[in-house]
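>>> Fold the following.
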Amino acid sequence: MAQPPDPIAALIAYLKADPDTFALVTDRVFGAELPEAESAQMPRKCLVIQSAGGFGNRNYRKEYNLRIDLRCYGESASEAMKVHLAAHQALQALGKSAHAAFENCLIYSASKDTGPFFNRENTVFWPYIYSVWSVMTNLTSLA
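Next comes the predicted model:
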């Protein structure tokens with residue numbers, strides 16, 4: 001039996017494959033939280049994608065609207081904004097052309113719900129830009 005698609009893993013793979021985003025963060029795109037090893041290197045440019053619930057699947061169709069929080073870190077507020085702008089451009093491109101298929105998951109589109117707004121981590125004060133996105137994805141395995 002095929003493993004169900006993981007839209008967060010698909011978004012991570014998609015953003016790592018985007019040339020403009022990769023130029024800033026290389027492979028530092030994470031799901032849920034910063035790994036402990038990465039925390040020791042902060043502050044620097046990276047992305048964290050967290051599930052933020054969503055509208056769900058209100059019918060029997062396979063499409064699913066997932067809500068995500070996107071945190072774009074940088075050495076300063078302006079550097080974090082550079083990461084945000086690259087990720088924003090990449091996410092908005094989903095749906096303007098071909099859909100993205102990564103990690104056994106099809107992503108149709110992404111639209112920004114809120115943000116960007118500047119914040120700092122509560123205890124370590126790393127700067128980041130925060131935004132919330134709605135991502136339309138498919139619950140059917142591609143494998």
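>>> which residues in this structure form helices?
In the chain, the helices defined using DSSP state H lie at 7-17, 19-25, 36-39, 77-93.
>>> Need the residue closest to the centroid of this protein.
The centroid of the chain falls nearest to residue 49 when counting by CA atoms, centre = their mean (4.2 Å).
>>> closest to residue 105 out of the helices of the chain?
Among those, helix 7-17 comes nearest to residue 105, with 3.7 Å by CB to CB. In this view, the C-beta of every residue, glycine as well, is placed from N, C-alpha and C.
>>> Quick check, pLDDT for the residue nearest to the centre of the chain.
We have a pLDDT of 97 for residue 49.
>>> repeat for residue 55
63.
>>> For this protein, which segments count as strands?
29-31, 46-56, 63-73, 100-102, 105-120, 127-138 (DSSP state E).
>>> buried sites along the lowest-mean-pLDDT helix or strand in the chain?
Ranked by mean pLDDT, DSSP states H and E, the helix or strand of the chain with the weakest confidence is strand 100-102, at a mean of 76. Neighbour-count burial for strand 100-102 flags 100, 102 (criterion: 16 or more other CB atoms under 10 Å).
>>> Flag the shaky bits of this protein, pLDDT-wise.
The model of the chain has pLDDT under 70 over residues 1-2, 54-61, 97-99, 141-143.
>>> quick one: contacts of stretch 92-108?
When contacts are defined by CB atoms under 8 Å, 6 or more residues apart in numbering, stretch 92-108 is touched by residues 2-3, 5-7, 9-14, 17, 63, 109-112, 135-138, 140-143.
>>> Could you rerun that using 7 Å?
For stretch 92-108, the external contacting residues (CB atoms under 7 Å, 6 or more residues apart in numbering) are 3, 5-7, 9-11, 13-14, 109-110, 135-138, 141-143.
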